[in-house]
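In: predicted model and sequence below, questions to follow.
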Amino acid sequence: MATQGALKEKTESNVREPKQYKVIMLNDDFTTMDFVVEVLVDIFGMDLMKAEQIMMQVHKGGRAVVGIYPYDIAASKTTKAMERAKAQGYPFRMLVEEA
C-alpha cells in the first residue's frame, strides 16, 4: 500500500488590527447631566461610577474621550447617542477622531 507524503502548506497572514477611533463627547449648556450619564451607561456600557466621572470631565473640561473603538463601532455608538439626544430635544454633540 503506497502512501503519499504529507503536504505542508505555508501560508502568510497579513492580518492587521483595524485602526482605532476615539469617541469624543462635547459639553453644551443644555443637555442634562443625567442624560449624559444615561447615554454612557446604556450605549457605551459604563458602570454608573465611571459614567459620572466621564460626565464631570465633559462638564468641567468641555470634552472627554468616552471610548476607543474600530470605526464602525465608534460611528454606530455616536449615531445612537445623537439620535437619542435629538429625540429628547438636546443639542448634544459627539465626534469621532482617529486615535
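Out: Yes, it's here.

In: what residues sit buried inside the longest helix seen in the chain?
Out: Ranked by residue count, the top helix of the chain under DSSP state H comes out as helix 71-87. Residues 73-74, 77-78, 81, 84-85 are the ones in helix 71-87 that count as buried (16 or more other CB atoms under 10 Å). Any C-beta I mention is one placed from the backbone N, CA and C, and that applies to glycine too.

In: let me know the closest of those residues to T31.
Out: Nearest to T31, judged by CB to CB, of the buried residues of helix 71-87 is A85 at 6.5 Å.

In: give me the distance between the closest one and Q20.
Out: Distance of A85 to Q20, given as CB to CB, to the nearest Å: 24 Å.

In: picking up where we left off before, check which helices and strands the helix or strand following the longest helix of the chain is in contact with.
Out: For helix 71-87, the following helix or strand on the C-terminal side (DSSP states H and E) is strand 93-98. Helices and strands touching strand 93-98, by 3 or more CB pairs under 8 Å, 6 or more residues apart in numbering; DSSP states H and E, are strand 20-26, helix 71-87.

In: tabulate these (a markdown table), appending mean pLDDT and distance to Q57.
Out: Compiled in a markdown table, the helices and strands packed on strand 93-98 are given as follows (pLDDT from 0 to 100; distance: least, CB to CB, whole Å):
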| stretch | mean pLDDT | distance to Q57 |
| --- | --- | --- |
| strand 20-26 | 98 | 9 |
| helix 71-87 | 98 | 16 |
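
In: what are the contacting residues of the longest helix of the chain?
Out: The contact list for helix 71-87 (CB atoms under 8 Å, 6 or more residues apart in numbering) reads 18-19, 21-23, 31, 35, 39, 43-44, 67-69, 91-96.
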